[in-house]
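Visitor: need a structure here:
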Amino acid sequence: MGQVLYLECASGISGDMMAAALLDLGADTEVLERALNSLPVDGFETEISRVNKAGLDVCDFRVKLDAEHENHDHDMEYLYGHKAHHGHGQAHTHESYHGHGSEAEGKETRHGHEEGHTHAGHSHSHHEHRGLPEIIKIIDQANMSDRAKETASGIFHILAKAEAKAHGVPAEQVHFHEVGAVDSIVDIVTVAVCLDNLDITDVIIPYVCEGRGSVRCQHGILPVPVPAVVNIVEANRIPLRLTETEGELVTPTGAAIAAAIRTSSRLPEEFAIVKTGIGAGKRNYERPSLLRAMLVECMEKEGADEICKLETNIDDCTGEILAYTMNRLLENGARDVYYTPVYMKKNRPAYQLTVICDEARREELERLIFQETTTIGIRRIRMERTVLEREITSVMLPSGEVRVKKCRLPDGKEKSYPEYEDAAKLAREKGVALQRILEEWKRI
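Guide: Numbers count the residues shown, from 1 in each chain. Here you go, the predicted structure:
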């Protein structure tokens, strides 16, 4: 199991905000540099700095484009010049099929250490419209892990699907005029590399806040949330909370990142905060443009804790499919998985699949059950359980060493068990029966 990340999206989410928050959590900048330097694109620099926003010292990640690659992303009059001043008086970037940006905003106080990096690569014309295959090829050529490549590719696939629906074309025909531009590729690759470097495997996003109003793009004036964001949150069932803020708080890249990495919408009832990172956006609204990211650990209650039980009846899957599903569920964090023979309507023989899991893993495991089996519905129950205090120690038997689980009963007495996998491994290594190893354990 990797680390668990909680994203507080009260001010929305964008690519650069997410990248900055992960860097503030301690993602390795040298690892990121190697990945960005290997991208077969040019015309950009990145800058990592500290800025003061709403009185807070936070991290800022900025993609600086050269004159050839610059576009309307930072042209405030272009984006908001179509309407009168709307209170905050600030414009911001809109990114989608028609216009990407790293979300420029009003003035902010910059201070402290700044890291500026120039990234060389193969030349691409500013007017080039990249399709999804070209972008995936760029990602595949980058110097980063397979897991990071999979994350970055997944984000772009979500964007392509959303833009295809918005414009009524197949995903393969979507040409990302500006989402495929250098700054967007850099934002997404940075997020993927940092998530991998921090070993984040679970991401909790209870909801995402969005503003209202409209924004100008190359195709005209669009309502907020823009169509691409609407399509992403609809397809991925991301809880959306609309605010009174006039402006676009959620960019398509931000929405796609949330959709690609979110594994749960529910925080544990009790948790410890291991570390906090805050990423700055480039906008000034009534609420500060900040994304707070927390590495959290679930706090185990002494004596009792909560688990989730998932159940579904299946009468038209083969034994091989059920076995494969069990293994996948266990590999993806289920605490226990078992099948019970049952008889359904009209006396049809079937199996009841039961999965015991933590609440944080529930949504991912439900998706896996729907993906691997023919079921169309899953029951879930939250349950409390009483857990004995336990510890793992090692014991030397005549045949070799095995781990032992010691449990303490409420009356203070202890009972212990040898770990089955250790005993079985020792029996295979010594070429003896498993029963002999267990008998050695009983005699000590």
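
Visitor: C-alpha only now, for contacts and for neighbours.
Guide: Fine.

Visitor: count the residues that sit near Val233.
Guide: Neighbour count for Val233, taken as other Cα atoms under 10 Å: 19.

Visitor: got it, and Arg241?
Guide: Using other Cα under 10 Å, Arg241 is surrounded by 13 other residues.

Visitor: tell me which element the residue nearest to Ile261 when sequence neighbours are not counted is part of?
Guide: Distances taken as Cα to Cα, 6 or more residues apart in numbering place Val203 nearest to Ile261, at 6.2 Å, with adjacent residues excluded. Using DSSP states H and E, Val203 sits within strand 200-204.

Visitor: pull out the buried positions in that strand.
Guide: Ile200, Asp202, Val203, Ile204 (16 or more other Cα atoms under 10 Å).

Visitor: pLDDT score for the second one?
Guide: The pLDDT attached to Asp202 in the predicted structure is 92.

Visitor: and it, how far from Ala235?
Guide: From Asp202 across to Ala235, the span is 20 Å (Cα to Cα, to the nearest Å).

Visitor: where does the stretch 251-400 of the chain have low pLDDT?
Guide: 299-304 (pLDDT under 70).

Visitor: same question for the stretch 1-150 of the chain.
Guide: 1, 66-129.

Visitor: where do the strands sit along it?
Guide: Using DSSP state E, counting those that start in this stretch, the strands of the stretch 1-150 of the chain run over residues 3-8, 44-53, 56-65, 109-119, 130-131.

Visitor: what angle do the second one and strand 56-65 make?
Guide: For strand 44-53 against strand 56-65, the angle by axes from the mean of the first three to the mean of the last three Cα atoms, to 10 degrees is 160 degrees.

Visitor: what's the helix or strand for the closest residue to Leu434 other than its chain neighbours?
Guide: In space, not counting the residues next to it along the chain, Leu434 is nearest to Ala427; the distance is 5.3 Å by Cα to Cα, 6+ apart. Applying DSSP H and E as the criterion places Ala427 in helix 420-430.

Visitor: that helix: which residues count as buried?
Guide: Asp422, Ala423, Ala424, Leu426, Ala427.

Visitor: the residue lying closest to Glu401 once chain neighbours are set aside and Leu195: what is the separation?
Guide: Once flanking residues are discounted, Glu401 sits nearest to Val395: 5.7 Å by Cα to Cα, 6+ apart. In this view, Val395 and Leu195 are 39 Å apart by Cα to Cα.

Visitor: and the nearest residue to Arg436 once chain neighbours are set aside, what does it touch?
Guide: Leaving aside its chain neighbours, Arg436 sits nearest to Ala427 (8.0 Å; criterion: Cα to Cα, 6+ apart). When the contact criterion is Cα atoms under 8 Å, 6 or more residues apart in numbering, the partners of Ala427 are Ala433, Leu434, Arg436, Ile437.

Visitor: Ala228 now?
Guide: Applying Cα under 8 Å, 6+ apart to Ala228 gives the contacts Ser96, Leu159, Ala162, Glu163, Ala166, Pro252.

Visitor: cutoff 6 Å now
Guide: Residues counted as contacts of Ala228 (Cα atoms under 6 Å, 6 or more residues apart in numbering) are Ala162, Glu163, Pro252.

Visitor: against Glu320, how distant is it?
Guide: Distance from Ala228 to Glu320, by Cα to Cα: 40 Å.

Visitor: all helices for the protein, in order.
Guide: 15-24, 29-37, 76-80, 132-140, 146-167, 182-197, 227-236, 252-261, 319-331, 362-372, 420-430, 434-443 (DSSP state H).

Visitor: closest to Arg385 out of those helices?
Guide: Among these, helix 362-372 comes nearest to Arg385, with 16.9 Å by Cα to Cα.

Visitor: in PDB, list the C-alpha atoms belonging to the closest one.
Guide: Extracted C-alpha coordinates of helix 362-372, given in PDB (Å, rounded to 0.1, in the frame of the first residue of the first chain):
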ATOM      1  CA  ARG A 362     -14.800   0.800  -1.300                       C
ATOM      2  CA  GLU A 363     -15.400   2.700  -4.500                       C
ATOM      3  CA  GLU A 364     -12.400   1.300  -6.300                       C
ATOM      4  CA  LEU A 365     -13.300  -2.300  -5.300                       C
ATOM      5  CA  GLU A 366     -16.900  -1.700  -6.400                       C
ATOM      6  CA  ARG A 367     -15.700  -0.600  -9.800                       C
ATOM      7  CA  LEU A 368     -13.500  -3.700 -10.000                       C
ATOM      8  CA  ILE A 369     -16.500  -6.000  -9.200                       C
ATOM      9  CA  PHE A 370     -18.600  -4.300 -11.900                       C
ATOM     10  CA  GLN A 371     -15.700  -4.600 -14.400                       C
ATOM     11  CA  GLU A 372     -14.800  -8.300 -13.800                       C
END
